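Colleague: Give me the fold of what follows.
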Amino acid sequence: MPWITIISVTLCISLIQTTLLQHISFLGIQPDLFIIFLVFHSLNASSERSFHASWVVGLAKDIFSEGPLGLNTVLFIIAGYLISIIRGNIFGRHLVTQISATFIISIIYNLLYLCLLSMLITSTGLLPMVWKCPMIAIYNSIIVPPVFWLFNKFYSSFGFPSLKRKF
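Modeller: Got it, this is the predicted structure:
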């Protein structure tokens, strides 16, 4: 059942990301629901389930976006691992923590993606795209409260106790 839910949510995110979010872009920048879901799931799920979700979400982003196949998958696994390292030291249910984690992971992910992309594709200019990293992170952080609320409602409606933090 958890696999079906993770795959279903990821497919819905993929559909929304590739269709609707293009209409709410600001200066050519749109929020990244894949990263937001990764942060949500990594803050709330067990480490094993977080790893699997990171892999599924990264693979979906690879399939539904441009760029080298596998790059997003690797970066999402790294981002999920980073969150799982710090998760024990923070309170993941607090709004400030969720916004901060989303901002930091967005910055790390986008900078790593740009660096690796510029190494793989030599014609890519790194500097013109670097200014977008903080803008994407800010945009992701702004929409975290309503999106996390929706994810919480969705998961609690299906009764997933594994997403509750255990202290």
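Colleague: give me the number of residues near Lys61?
Modeller: Residues lying near Lys61 (other Cβ atoms under 10 Å) number 24. From N, CA and C alone the C-beta is placed, and that goes for glycine too.
Colleague: Could I get the pLDDT score of it?
Modeller: On pLDDT, Lys61 comes in at 95.
Colleague: Make residue 1 into 425 and carry on from there
Modeller: Sounds good: first residue 425 from here, last item Lys485.
Colleague: which element is it on?
Modeller: According to DSSP states H and E, Lys485 maps onto helix 471-488.
Colleague: can you list the residues that contact that helix?
Modeller: Helix 471-488 has contacts (Cβ atoms under 8 Å, 6 or more residues apart in numbering) with 426-427, 430-431, 434-435, 437-438, 441-442, 458, 461-462, 465-466, 469, 493-501, 503-505, 507-508, 586.
Colleague: Can you give me every residue that contacts the residue sitting nearest the centre point of the chain?
Modeller: Centroid check for the chain by Cα atoms, centre = their mean gives Ile459 as the closest residue, at 1.2 Å. Counting by Cβ under 8 Å, 6+ apart, Ile459 makes contact with 503, 526, 529-530, 533, 564.
Colleague: Now stretch 445-456: average pLDDT?
Modeller: Here the average pLDDT along stretch 445-456 is 85.
Colleague: If anything else comes up later, I'll come back, but that's it for now.
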